[in-house]
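Student: Coordinates for the following, if possible.
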Amino acid sequence: MPVGAGFFGSETDGSQNSDYCIFCYENGDFTDEDLSADAMVEISVIHMMSELGKSEREARSLAESVIPQLKRWRS
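Tutor: Numbers count the residues shown, from 1 in each chain. Below is the predicted model of the structure:
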């Protein structure tokens, strides 16, 4: 998901962390610290299909190209 104003994660002092979104990072910690990139791909595919109307193929292609490149999962 594109991260922008209102969707940034937060640090323990309440400041915003522009590296992560509010769904993944809150109060200085990952909301699901054991979440793998593969699991996030599956979650994202479901959301892109239902919320954005993308086909499974289109959603999976996008998720598989973007998620492994995010700071959290970058190798």
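Student: Which segments of the protein make up each domain?
Tutor: Listed domain ranges for the chain are 1-31, 35-75 (source: automatic domain parsing).
Student: Go through the ones you listed and find the least confident stretch.
Tutor: Comparing mean pLDDT across those, the weakest is domain 1-31, with a mean of 88.
Student: packing partners for whichever strand in the chain runs longest?
Tutor: If each strand of the chain is counted by residues according to DSSP state E, the longest one is strand 16-21. Contacts defined by 3 or more Cβ pairs under 8 Å, 6 or more residues apart in numbering; DSSP states H and E place strand 16-21 against strand 8-10. (Glycine included, C-beta is placed from N, CA and C.)
Student: what's the burial count for the residue nearest to residue 44 when sequence neighbours are not counted?
Tutor: Residue nearest to residue 44 in three dimensions, not counting chain neighbours: residue 63, with 4.2 Å by Cβ to Cβ, 6 or more residues apart in numbering. Counted with other Cβ atoms under 10 Å, residues neighbouring residue 63 total 22.
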